[in-house]
Structures are given as structure tokens and as C-alpha cells.
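> Got a sequence here, can you build the structure:
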Amino acid sequence: MIKRYDVLLIGYYGFGNLGDELLACSVIGLLSSCGIKRDRIAVLSADTEETKFSCGTDSYNRWSLPVIIKAVRESRSLLLGGGGLFQDSTSIRSSFYYWLIVKIASLCGLKVWSVGQSIGPLKSAKARWLAKSAFSSMVFCGVRDTTSLTLLKSWNIKGHIAPDCVMSLSVRRKESAKDFLAVNIRPGYKDCADRVFASALSYAKKHRLKIIGVALSEEDRKELELYSQSYGIRLDQITVVKNLSEFENIAEQVCAAFGMRLHFVILSILAGIPVCAGAYDPKVTSLCSEMGVAEVFDFDINMELTECGCRNKREKMAEEIKSLCLEGLKKALGE
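As a prediction, this is how the structure comes out:
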């Protein structure tokens with residue numbers, strides 16, 4: 001059977017979370033730089049039309065089993081393209097879903113591989129079994145943090161580590177007057193969100209900055225509104241950022257940032273914005289350690305935030321990601 005696609009990409013795509021949408025775009029960009037044309041890539045998504053528009057590839061409904069099987073049969077490999085797909089923080093359903101897709105692909109003879117994965121948290125024995133079973137089926141396992149690499153090693157699975165795929169993107173930030181501070185929080189981690197929000201307010205007050213709330217999803221927006229009400233302050237604006245261009249527009253006005261979302265911190269780094277991170281998860285802690293990013297639980301009001309990482313370091317990280325992707329691609333396609 002003639003295969004229509006070299007790579008079928010699966011992740012948490014099409015749900016309106018900017019971080020995951022940027023992962024899709026960055027992985028597709030990496031595949032393109034490795035010689036895979038966009039018409040040879042397909043994406044499983046919850047919003048096929050939006051994914052087609054933003055990624056420039058074919059897209060298939062991730063909720064339709066017949067459609068998934070059709071896409072799998074027309075593909076040479078299945079790629080888990082970045083993010084924390086195997087975890088049970090909220091429910092085991094996520095782990096089961098991705099395990100099922102991996103097993104369908106394996107049964108249909110596809111090579112399965114991953115790049116930019118974070119594995120966990122895995123609180124239950126079932127979730128750990130699903131993750132171990134899925135990664136054991138892969139010809140190449142690429143992760144983005146040392147915690148995930150250590151977990152693979154404990155399962156006797158060879159892993160490869162490189163920075164988050166979004167680090168391969170370029171973020172433009174024009175020179176202009178910058179008198180705003182950007183703050184981002186996410187639900188589910190109250191202690192961390194409290195510290196991030198309070199620290200941002202203190203820093204803004206000391207430096208006489210206005211505050212912009214930056215949400216990477218609708219749930220972030222609701223959380224920012226809740227916090228602004230509970231603290232009795234009015235943010236100058238709360239913006240749900242839907243694409244890279246919209247973030248760049250905000251970055252032009254911002255001189256400092258406090259945030260929780262991994263990709264908010266990454267975008268701030270790429271834009272050259274001094275940032276303080278709320279490390280609620282090992283993936284954020286790992287990034288802070290790698291890039292020398294200040295962590296909010298170490299923050300002091302007298303601390304001055306500085307730009308993290310030099311341009312050469314960011315370029316080196318982008319090359320590491322591309323090299324890892326190329327290595328995985330060769331194993332997946334047998335070239």
C-alpha cells in the first residue's frame with residue numbers, strides 16, 4: 001500500500017492551548033528542516049480546520065476511531081510531538097488515549113517515536129504501566145527533562161534528551177517604550193499561583209509598571225480574572241494569546257514577566273524578556289536550571305530580573321533539538 005504520509009503527528013492539538021499549538025508548529029518546522037515536506041505530514045487534532053490553517057498540513061479528527069485508523073494506515077510513522085501526554089494529574093484518560101493510539105499504530109506496522117516529551121506525574125500503577133508499555137514500543141524516545149529521562153532509564157528504555165521543541169522558534173521583539181509587566185498563572189496549583197501573582201504585583205509596584213495578564217488558554221484567563229478580583233486590583237488588560245504573532249505584539253510593551261506556563265516562560269526567554277518562573281512542575285524546574293531563570297519561590301523584592309541566556313546558547317539549543325529530531329526521523333523511516 002502506498003503511504004501518503006511520512007509522519008502522522010499526535011499531541012494535545014486543537015484544544016486552544018497556545019503552548020500545544022506552538023509545539024505542533026515547531027515540530028512540523030523541525031520535520032521540514034529535516035527534509036520532510038508538509039504534504040507528507042498529517043496531524044491528529046480536536047480542531048482539524050484550525051490545525052490545517054495554522055500548520056499548513058492535512059489534519060484528521062482525533063476523536064473518530066475509523067478516521068484515526070485511516071490516517072494510521074496511510075502513514076509510515078507515528079510521532080508523539082512534544083508535551084506531557086502521559087500523566088494522570090487530572091485523569092488517567094489522557095494516558096489511556098495515547099497508549100491506544102500507539103498500540104493501533106504498532107499493530108498497523110508503523111514505527112512509533114517521540115520528541116520533546118515529559119513523562120508524568122504518574123500517580124497510579126495503571127498510568128505507569130500505560131506509559132511504560134507505550135514508550136517500550138517506540139524506536140526512538142526523545143524527552144525534554146531529566147526527570148523523564150531518569151524514568152525511562154528505570155524502565156530499561158534508552159532515552160534522548162533535548163530542550164522543548166518550542167525553543168527552536170524565533171520570537172521578534174521590536175524596540176519600543178516598555179512600561180508593562182506580563183503575568184501568567186494557571187489553575188490547579190494554588191500555592192504557586194499565589195506566589196507568582198503576589199510577586200508580580202510587588203515587582204510592578206516597586207518599578208511603577210502597569211500589569212498585563214497573559215493567558216495561553218481560556219482557563220488561564222478565568223484564573224487571572226479570579227485573582228485580580230480576589231486581590232482587589234484591576235489589570236490593564238487580560239489577553240488570551242492565540243498565536244506567536246499576538247505574543248510578539250505583547251512583548252513589544254513588556255519589560256519583565258512572571259509566569260507559570262512552561263511555554264510562557266520559553267516565549268519570554270526567546271523574546272529576551274527578563275522572567276521569573278513559577279516552577280509548579282519538573283519540566284519548568286528543568287528549564288529554569290538549564291537557562292538560569294529565576295524561580296518565584298526564591299524571589300525577593302530587591303532582586304532585579306535580567307534577561308536569561310545569551311543568543312548563542314539559544315541557537316545551540318535549537319541545533320540540539322533539530323539534531324535529535326533528525327536522529328529519530330532516521331530510525332522511524334529506516335533511512
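> and stretch 108-117, which residues are buried?
For stretch 108-117, a neighbour-count test (16 or more other Cβ atoms under 10 Å) marks 110, 111, 112, 113, 114, 115, 116, 117 as buried. The way it works is simple: take the backbone N, C-alpha and C, and place the C-beta from them, glycine included.
> Among the residues you listed, which lie within helices?
Judged by DSSP state H, the buried residues of stretch 108-117 include no members of helices.
> closest to residue 25 among the residues you listed?
residue 116 (12.6 Å; Cβ to Cβ).
> Could you pull up the residues touching the closest residue to that closest one other than its chain neighbours?
Nearest non-adjacent residue to residue 116, counting by Cβ to Cβ, 6 or more residues apart in numbering: residue 82, 3.4 Å away. Residues near residue 82 by Cβ atoms under 8 Å, 6 or more residues apart in numbering: 11, 20, 23-24, 26-27, 115-117, 144, 164-166.
> Determine which two of those residues are furthest apart.
24 and 144 (15.2 Å).
> who has more neighbours, those two?
residue 144 (29 against 26; other Cβ atoms under 10 Å).
> Give me the phi and psi for that one.
Main-chain dihedrals, residue 144, degrees, to the nearest 10: phi -120, psi 0.
> now the one 5 residues further on
Comment: the main-chain dihedrals of residue 149 come out as phi -60, psi -40, following degrees, to the nearest 10.
> How about residue 329?
Dihedral angles for residue 329 - degrees, to the nearest 10 - are phi -60, psi -40.
> now swap in residue 294 and tell me
Main-chain dihedrals, residue 294, degrees, to the nearest 10: phi -70, psi 140.
> surely it meets residue 278?
No. Look at residue 294 against residue 278 with Cβ atoms under 8 Å: they stay out of range, at 10.6 Å.
> ok, these two, which is more surrounded?
Between residue 294 and residue 278, residue 278 has the larger neighbour count (other Cβ under 10 Å), namely 31 against 20.
> Let me see the contact set for that one.
Per Cβ under 8 Å, 6+ apart, neighbours of residue 278: 185, 189, 192, 193, 195, 196, 258, 259, 260, 284, 295, 296.
> 6 Å instead, please
If a contact means Cβ atoms under 6 Å, 6 or more residues apart in numbering, then residue 278 has 192, 196, 260, 296 as its contacts.
> how near is residue 170 to residue 116?
17 Å (Cβ to Cβ, to the nearest Å).
> can you give me the strands in the stretch 201-335 of the chain?
For the stretch 201-335 of the chain, strands defined by DSSP state E, counting those that start in this stretch occupy the ranges 210-215, 237-240, 254-259, 275-277, 294-295.
> Remind me what the third one packs against, helices and strands.
Secondary structure elements in contact with strand 254-259, counted by 3 or more Cβ pairs under 6 Å, 6 or more residues apart in numbering; DSSP states H and E, are strand 180-184, helix 190-207.
> so which of these gets nearest residue 237?
strand 180-184 (9.1 Å).
> got the angle for that closest one vs strand 210-215?
30 degrees (axes from the mean of the first three to the mean of the last three Cα atoms, to 10 degrees).
> Neighbouring strands - and their directions - for strand 180-184?
strand 210-215 (parallel), strand 254-259 (parallel) (DSSP bridges).
> Tell me which of these sits nearest to residue 160.
strand 254-259 (27.9 Å).
> avg pLDDT for the closest one?
Mean per-residue pLDDT for strand 254-259: 95.
> sorry, back to before: can the strands of the stretch 201-335 of the chain go into TSV with extra columns for distance to residue 68?
Shown next, in TSV, are those (distance: least, Cβ to Cβ, whole Å):
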stretch	distance to residue 68
strand 210-215	30
strand 237-240	29
strand 254-259	34
strand 275-277	36
strand 294-295	40
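> most packed of the ones you listed?
Of the strands of the stretch 201-335 of the chain, the one with the most neighbours on average (mean count of other Cβ atoms under 10 Å) is strand 275-277, at a mean of 28.
> just for the protein, where's the confidence low?
176-177, 309-312, 335 (pLDDT under 70).
> Can you tell me which of the contacts of residue 278 is nearest residue 160?
residue 260 (27.2 Å).
> how close does that closest one get to residue 27?
Taking Cβ to Cβ as the measure, residue 260 falls 23 Å from residue 27.
> Repeat that for residue 17.
15 Å.
> The two - which one has more neighbours?
Comparing residue 17 with residue 27 by neighbour count (other Cβ under 10 Å), the higher total belongs to residue 27, at 29 against 20.
> Near residue 141, how many other residues are there?
A total of 26 residues lie near residue 141 under the criterion other Cβ under 10 Å.
> Please name the residues that touch it.
Per Cβ under 6 Å, 6+ apart, neighbours of residue 141: 114, 135, 152, 157, 159.
> which of these count as buried?
Buried members of the contacts of residue 141, scored by 16+ other Cβ under 10 Å, are 114, 135, 152, 159.
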